[in-house]
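# Following is a predicted model, sequence given first.
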Amino acid sequence: MPRFLLLLILLLTGCATAPVAVQRPLQADAPFAFNGRVAVKQGDKRESAGVRWEHRAEADEILLLAPLGQTMARIRRDAQEITLEASGKRYTAQDMESLMQQALGWQLPLSGLRYWVTALPAPGSESSIERDANGQVSMLQQQGWEIGYSRYAAAAPDALPLRLKLQRDGMEVVLLIDEWEAQ
């Protein structure tokens, strides 16, 4: 019997796959997907949620998840419209930020964040970037937001960030990325 267990363990470990090393894309607006957590603090108001974000240049789907994994809100962007579904209601708006404010009472800077999560500035507006000794972005300032990067998946200059802290006008957003997925 012990040989059978040893053989079974060897077979199972042989089938396991190593995690995919995901590097920062070379071009802005490249596809990505990640799982993580977000905490938002604005004055006395504090909100937190799990996050599942799948991004392509032409579309986004962002799930905000409750602690036990239930979907609290689903945000979708495509060429036709931007929608948010939460609590059995469907909202539409011109941009993702005002849509979140309307439906949830708080907002993430999603139009810029789709670039900032990969440590790249959003095209079309001025930015300021500071880098650390490894060549990784440590601070990015753009569109009135200050984005601090304090943890990366690896020490390489092209590694993807795992912890971002965004601040603007008394609002603070902390995004922790648990898992990047290759696209």
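Cool, got the structure.

# and residue 115, what are its phi and psi?
phi -90, psi -40 (degrees, to the nearest 10).

# got it, and residue 135?
As for residue 135, its main-chain torsions (degrees, to the nearest 10) stand at phi 90, psi 0.

# Just say helix, strand or coil for the nearest residue to it once chain neighbours are set aside.
Sequence neighbours aside, residue 157 is the residue nearest to residue 135 in space, at 3.5 Å (criterion: C-beta to C-beta, 6 or more residues apart in numbering). All C-beta spots, glycine's among them, are computed from the backbone N, C-alpha and C. What DSSP: H, G, I helix; E, B strand; the rest coil gives for residue 157 is coil.

# Surely residue 157 touches residue 137?
No - look at residue 157 against residue 137 with C-beta atoms under 8 Å: they stay out of range, at 9.1 Å.

# Could you measure from residue 131 over to residue 138?
According to C-beta to C-beta, to the nearest Å, residue 131 and residue 138 sit 6 Å apart.

# what's the answer for residue 100, then?
Taking C-beta to C-beta as the measure, residue 100 falls 27 Å from residue 138.

# got a list of what residue 151 touches?
Contacts of residue 151 were listed using C-beta atoms under 8 Å, 6 or more residues apart in numbering, and they are 161-163.
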